[in-house]
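S.K.: Please work out how this folds:
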Amino acid sequence: MPQTRPDSAPDPLALPDSAETTDDSLFDRPDSPCVGICSTLFDEVCQGCGRTAMEVSNWVFMSDAEKQAVWERITREATARRFQRD
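M.R.: Purely as a prediction, here's the structure:
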């Protein structure tokens, strides 16, 4: 007869509660604002995505909250090629 676990035992494969409550807006857009047109022309902001040189170089190390703040700023400014419709 197979052994069964008591109902009160935690499922070792279950996600923690904190992992189940995510910000859906993080999945509504790509991880990076990069559009593959990197152009800074020696200024501080990339004309392709609108991020600063520091934001581009540190993107992979930024938290979700920091990335969200950058996305909000570049979306609000809407000056990068990413936001221009031809």
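S.K.: Phe83 reaches Thr75, doesn't it?
M.R.: Yes. Contact criterion Cβ atoms under 8 Å: Phe83 and Thr75 qualify, at 7.3 Å. Every C-beta, even on glycine, is put in place using the N, C-alpha and C of the backbone.
S.K.: Could you list the residues in contact with the helix ranked longest in the chain?
M.R.: Assignment by DSSP state H gives helix 64-77 as the longest helix of the chain. If you take Cβ atoms under 8 Å, 6 or more residues apart in numbering as the criterion, helix 64-77 is touched by 23, 25-26, 29, 31, 33, 49-51, 55, 59, 62, 80, 82-83.
S.K.: what's the farthest-apart pair in these?
M.R.: Greatest spacing in the contacts of helix 64-77, by Cβ to Cβ: Asp23 and Ala80 (22.9 Å).
S.K.: Between the two, point out the one with more neighbours.
M.R.: A count of neighbours by other Cβ atoms under 10 Å puts Ala80 above the other of Asp23 and Ala80, at 20 against 10.
S.K.: Tell me the confidence at the more buried one?
M.R.: pLDDT, Ala80: 86.
S.K.: now Met1
M.R.: On the pLDDT scale, Met1 gets 57.
S.K.: What of Ala69?
M.R.: At Ala69, the pLDDT value in this model is 96.
S.K.: Counting neighbours, what do you get for it?
M.R.: 13.
S.K.: Gln47 too?
M.R.: If you count neighbours by other Cβ under 10 Å, Gln47 ends up with 17.
S.K.: and if you look at the one 3 residues further on?
M.R.: Other residues lying near Gly50 total 23 when counted by other Cβ under 10 Å.
S.K.: wait, doesn't it sit right on Ala80?
M.R.: Yes. Shown here, Gly50 and Ala80 form a contact pair, counting by Cβ under 8 Å, at 3.3 Å.
S.K.: any residues in contact with both of those two?
M.R.: Common neighbours of Gly50 and Ala80 (criterion: Cβ under 8 Å, 6+ apart): Pro33, Ile74.
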